[in-house]
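[1] Need a 3D model of the following:
(one chain, ligands or ions: 3)
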Amino acid sequence: MGQPEGLERFDSQGKGRGLRATRHFALGELLFTCPAYSYVLTVNERGNHCEYCFTRKEGLSKCGKCKQAFYCNVECQKGDWLMHKLECSSMCSYGEKWSPSETVRITARLLAKQKTQTERSASERFLSVKEFESHLDKLDNEKKELIQNDIAALHHFYSKNLHYSDNATLEFVFAQVNCNGFTIEDEELSHLGSAIFPDVALMNHSCCPNVIVTYKGTTAEVRAVQKINPGEEVFTSYIDLLYPTEDRQDRLLDSYFFTCDCKECATKQKDPAKLEIRKLSDPPSSQSVRDMIKYARNVVEEFRRAKHYKTPSELLEICELSLDKMGSVFEESNVYMLHMMYQAMGICLYTQDWEGALKYGEKIIKPYSKHYPPYSLNVASMWLKLGRLYMGLERKTIGIKSLKKAIAIMEIAHGADHHYIAEVKKELEQ
Ligand SMILES: [Zn+2]
Ligand SMILES: [Zn+2]
Ligand SMILES: [Zn+2]
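    Ligands and ions are numbered 1, 2, ... in the order given. Below is the predicted model of the structure:
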């Protein structure tokens, strides 16, 4: 099995292995694709997408046994059986109590796949699953405990259908999944599932990435969002790039165990705009700015946890209260303001409060375009959400303008022939 042309694996100074271009790649050019080694559709999207090929359509047919998995047709159902059988009967016997986390689900599938896949797969042309880093030596007790909980859940829900390795091996595999796993999102960045893409995992991180990863079904596609010259390393971003340098570095260290030394991390050029303070005749003291940033970080974390148990109206209240409080010191373009507005918009979309969602979206889009890199899925998806809201509210002129903004980014990031773009173009004609 040949490797994609124009790319090679190499030892990147200070970063371990990485991927490097051996020829020129133009803006928007496809570098390579990688079929998922293993993957799982998220529970919330059951019935909307085929479990096997991730196609989104109405009228999928369900597994006659568990009535939980949905497929395009018999071919997709047959294709999925080797993986679905890990869960089908277990879901029947546990009923409502069947509740493994998505990490446990993807790991169960990875373990099952490794049993049947003995040769190097088409997903492992540069890097094999066996070679994944685990960073086990760097895990603190809290992280180790979470892994032990996952192992317990694996034993609990998958015992009939999986033959396990010993605890040490399982701990290693869960640690590998934690730092090499991907999530698959749709064009509006809604979570569709989790997957293992070994070749994609070879790429190192930069906060000014030169490629973006998008998905076509369960295949990852990697395209250039900056031109790449021969000899240059290929960088993707592991994290949301909205946040200021300190936040990004915390996140990278906590989840991936390294410190980024990209241009943006070195110069912190975008930080002042990301942390914009209100221009008042009586400006806030530097202490009150520091206190407000501390408050903002706490409320981001508090909200993340509250999402699991609070009602939409309670959550919206947290957003509004925190925006009120932060608004006394922060400009509306400040990323912590944007973060809470984005959460508020999500709640409005969920409760079908279209006007409310639009109100937040309109405030978000301009600063978003400034804070994110020129080609960003976050910006494209925001234009798309806005465009779809306008079109739904019969505001066609501005709706079309917004959808075209989304398409302009997606043509580079997703490739001009992606089915998501065809769908948006259809919406333009209506
Ligand atoms: Zn299908
Ligand atoms: Zn089933
Ligand atoms: Zn960086």
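
[2] Now do the contacts for V200.
    If a contact means CB atoms under 8 Å, 6 or more residues apart in numbering, then V200 has 34, 182, 213, 220, 222, 236 as its contacts. Glycine gets a C-beta too; all of them are placed from N, C-alpha and C.

[3] Could you report the neighbour count for the fifth one?
    When neighbours are defined as other CB atoms under 10 Å, V222 has 24 of them.

[4] CA-only coordinates of the helix or strand encompassing it in CSV, if you can.
    V222 is located in strand 219-224, with elements delineated by DSSP states H and E. Once side chains and other backbone atoms are set aside, the C-alpha atoms of strand 219-224 remain, and they are given as CSV (Å, rounded to 0.1, in the frame of the first residue of the first chain):
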residue,chain,number,x,y,z
THR,A,219,-13.4,9.5,6.1
ALA,A,220,-11.2,12.4,7.2
GLU,A,221,-10.0,14.8,4.5
VAL,A,222,-7.0,17.1,5.1
ARG,A,223,-6.7,20.3,3.0
ALA,A,224,-4.3,23.2,2.9
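
[5] Which neighbouring elements make contact with it?
    The contact analysis (3 or more CB pairs under 8 Å, 6 or more residues apart in numbering; DSSP states H and E) places strand 219-224 against strand 30-35, strand 211-216.

[6] Which one, of the ones you listed, ends up nearest to K57?
    Counting by CB to CB, K57 lies closest to strand 211-216 out of these; the figure is 15.0 Å.

[7] any idea how far E124 lies from M345?
    39 Å (CB to CB, to the nearest Å).

[8] hmm, I was thinking of A422
    26 Å.

[9] Among the two, which residue is more densely surrounded?
    With neighbours defined as other CB under 10 Å, A422 and M345 compare such that M345 has more, 25 against 10.

[10] coming back round to it: can you lay out the helices and strands packed on strand 219-224 as a markdown table showing distance to T245?
    Converted to a markdown table, the helices and strands packed on strand 219-224 look like this (distance: least, CB to CB, whole Å):
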| stretch | distance to T245 |
| --- | --- |
| strand 30-35 | 27 |
| strand 211-216 | 21 |
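
[11] Output these as CSV; include the columns mean neighbour count and mean pLDDT.
    Supplementary listing: the helices and strands packed on strand 219-224 in CSV, determined by neighbours: other CB atoms under 10 Å; pLDDT from 0 to 100:
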stretch, mean neighbour count, mean pLDDT
strand 30-35, 19, 98
strand 211-216, 21, 98
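
[12] closest to ligand 2 out of those strands?
    Across these, ligand 2 has its closest neighbour in strand 30-35 (23.2 Å, CB to the ion).

[13] Give the burial count for the closest residue to ligand 3 within the stretch 51-200 of the chain, as a bare number.
    Taking CB to the ion as the measure, the stretch 51-200 of the chain has C179 as its residue closest to ligand 3, at 17.1 Å. Around C179 there are 16 other residues, counting by other CB under 10 Å.

[14] next one: E142
    Other residues close to E142 by other CB under 10 Å number 7.

[15] separation between it and Q148?
    Between E142 and Q148 the distance is 11 Å, computed by CB to CB.

[16] what do you get for T311?
    For T311, the distance to Q148 under the criterion CB to CB works out to 32 Å.

[17] quick one: which of those two has more around it?
    Set T311 next to Q148 and count neighbours by other CB under 10 Å: Q148 wins out with 14 against 11.

[18] And for that one, nearest residue in space, chain neighbours not counted?
    By the measure of CB to CB, 6 or more residues apart in numbering, the closest residue to Q148 outside its immediate chain neighbours is E171, 7.6 Å from it.

[19] In the sheet, which residues pair with the spatially most central residue of the chain? Tell me.
    When the chain is reduced to its mean C-alpha position, the nearest residue by CA atoms, centre = their mean turns out to be T183, at 4.8 Å. Each beta-bridge partner of T183 is listed here: S194, as defined by DSSP bridges.

[20] so where's this structure uncertain?
    Of all residues in the chain, those with pLDDT under 70 make up the ranges 1-2.

[21] what packs against the host helix or strand of Y295?
    Assigned by DSSP H and E, Y295 falls within helix 286-306. Contact here means 3+ CB pairs under 8 Å, 6+ apart; on that basis helix 286-306 packs against helix 312-326, helix 335-350.

[22] Check which residues of the last one are buried.
    Of the residues in helix 335-350, 335-349 count as buried by neighbour count, 16 or more other CB atoms under 10 Å.

[23] Can you tell me what sits against that helix?
    Helix 335-350 is contacted by residues 242-244, 274-275, 293, 296-297, 299-300, 303, 312, 315-316, 319-320, 322-323, 326-327, 330-331, 354, 356-357, 359-361, 363-364, 367-368, 371, 385 when judged by CB under 8 Å, 6+ apart.

[24] all strands in the stretch 51-200 of the chain, in order from the N-terminus.
    Assigned strands in the stretch 51-200 of the chain, in chain order: 61-62, 70-71, 181-185, 191-196 (criterion: DSSP state E, counting those that start in this stretch).

[25] okay if I get these as TSV plus distance to ligand 1?
    Below are these laid out as TSV (distance: least, CB to the ion, whole Å):
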stretch	distance to ligand 1
strand 61-62	10
strand 70-71	6
strand 181-185	15
strand 191-196	13
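
[26] So for ligand 2, which of the ones you listed sits nearest?
    In terms of CB to the ion, the element of those nearest to ligand 2 is strand 61-62, at 7.9 Å.
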